[in-house]
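Novice: Give me the fold of what follows.
(chains A, B, C and D)
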Number of protein chains: 2
Amino acid sequence: MNIKDASARAGLPAKTIRYYEEVGLIRPLRDANGYRAFRESDVHKLGFLGRARALGFTIEDCRVLLSLYEDQSRASADVKEIAQKHLAQISDKIAALQAMQATLSHLVACCHGDDRPDCPILADLAPPG
Amino acid sequence: MNIKDASARAGLPAKTIRYYEEVGLIRPLRDANGYRAFRESDVHKLGFLGRARALGFTIEDCRVLLSLYEDQSRASADVKEIAQKHLAQISDKIAALQAMQATLSHLVACCHGDDRPDCPILADLAPPG
DNA sequence: CCTTGACCTTCCCGTGACTGGAACCCCTAT
DNA sequence: ATAGGGGTTCCAGTCACGGGAAGGTCAAGG
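Specialist: Down below sits the predicted model:
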């Protein structure tokens, strides 16, 4: 299977697939003409990677998750730990964004938003003094 | 005022200040020895930039906001529009992160997390079929 | 006068996870 | 022979800096 079909099957851009090979997440075979030859197992891995990335795992997390996935003697605790750390980071990001959201939505609500220069948003951004 | 004092006053790393000059957000004077000479107005702008960045505005947003800030004849509607667009992006990011959070926290709760290989997290990441 | 150490300068590389594009090769159909 | 639609590599750019090297400047102390 060439890269375009693998791309369609995995739902990932060809560029992304080449990148995943570059960083060593997959190792497709090569045809005599140099074209990548994807096996079912490669497409399967790409699907795994696409889902893991969609959940926000980093490439390095994906590397570990993939190796755990393929290790039949893994401990589920190892997977859970990675997921929990990632969850904590997600929570941190959400909290930071919600803080921005709170401040900004308040300021936006206060700004009359017409052609007059008076603006509480800029007033808040200005340093005190 | 040299860069270290400006850094302390503005609460921004010296590296960041140099970067802001590089991208044209500030234009400090130069002493005869080539050192940057920060005026009060420069420090003031840096404070503005630090706050705007803390609210998640991009550098390009900051550039526009700063010009509006210094334009006494601005229309508050212009400021409000930028803030509203930014707010929309923040909301999108929060929603995406919350979706990840929901999926992941469910999977984490389902994973017993011991030394057995059975793991619903990996099972969910695996493509169907 | 010399040295030390804390400043300052510019310049270049690295970050994460790709994306776009150039330049070029391969294969099939017309 | 050529046109097109694959494929390949490699380089540059993204965003907002941070790290670190190489070297200039300045005030204080011996």
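
Novice: Mind naming the longest helix for chain A?
Specialist: Secondary structure of chain A per DSSP state H: the longest helix is helix A:76-110.

Novice: Contacts for whatever helix or strand comes next after that helix, please.
Specialist: Using DSSP states H and E, the helix or strand that follows helix A:76-110 towards the C-terminus is helix A:120-125. With CB atoms under 8 Å, 6 or more residues apart in numbering or on different chains as the test, helix A:120-125 has contacts from A:103, A:107-108, A:110-111, B:48, B:51-52, B:55, B:65, B:68-69, B:74, B:76, B:79-80, B:83. All C-beta atoms are positioned from the backbone trio N, CA, C, and that covers glycine.

Novice: And helix A:120-125, what's buried?
Specialist: Across helix A:120-125, burial judged by 16 or more other CB atoms under 10 Å in any protein chain shown covers A:120-122, A:124-125.

Novice: again with stretch A:55-68
Specialist: For stretch A:55-68, by 16+ other CB under 10 Å, it's A:55-57, A:61-63, A:65-66, A:68.

Novice: Residue A:49: neighbour count?
Specialist: Neighbourhood size, residue A:49 [other CB atoms under 10 Å in any protein chain shown]: 25.

Novice: And it, how close does it get to chain B?
Specialist: Residue A:49 sits 9 Å away from chain B, going by CB to the nearest CB, to the nearest Å.

Novice: before we move on, the earlier item: tell me the one of the buried residues of helix A:120-125 nearest DNA strand C?
Specialist: Within the buried residues of helix A:120-125, proximity to DNA strand C (CB to the nearest atom of the strand) peaks at residue A:125, which comes in at 25.2 Å.

Novice: Leaving out chain neighbours, which residue sits closest to the closest one?
Specialist: residue B:51 (4.8 Å; CB to CB, 6 or more residues apart in numbering or on different chains).

Novice: Same check on residue A:103?
Specialist: Nearest residue to residue A:103 in three dimensions, chain neighbours excluded: residue B:55, at 6.3 Å (CB to CB, 6+ apart).

Novice: quick revisit: any chance of the buried residues of helix A:120-125 in TSV, plus pLDDT and distance to residue B:32?
Specialist: As requested, the buried residues of helix A:120-125 are arranged in TSV below (pLDDT from 0 to 100; distance: CB to CB, whole Å):
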residue	pLDDT	distance to residue B:32
A:120	97	42
A:121	97	40
A:122	97	36
A:124	96	38
A:125	97	34
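
Novice: can you put those residues in TSV and add distance to residue A:17?
Specialist: Below are the buried residues of helix A:120-125 laid out as TSV (distance: CB to CB, whole Å):
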residue	distance to residue A:17
A:120	49
A:121	44
A:122	46
A:124	46
A:125	43
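
Novice: Of those, which is the nearest to residue B:2?
Specialist: Nearest to residue B:2 among those, counting by CB to CB, is residue A:125 at 25.2 Å.

Novice: Identify the element of secondary structure that the nearest residue to residue A:74 once chain neighbours are set aside sits within.
Specialist: Nearest residue to residue A:74, sequence neighbours excluded (CB to CB, 6+ apart): residue A:68, at 4.5 Å. Residue A:68 is part of helix A:59-70, with elements assigned from DSSP H and E.

Novice: now that helix and helix A:76-110, what's the angle there?
Specialist: Using axes from the mean of the first three to the mean of the last three CA atoms, to 10 degrees, the inter-axis angle of helix A:59-70 relative to helix A:76-110 is 140 degrees.

Novice: Helix A:59-70 and DNA strand D in contact?
Specialist: No: interface with DNA strand D: helix A:59-70 contributes nothing (CB under 7 Å from any atom of the strand), its closest point being 14.1 Å away.
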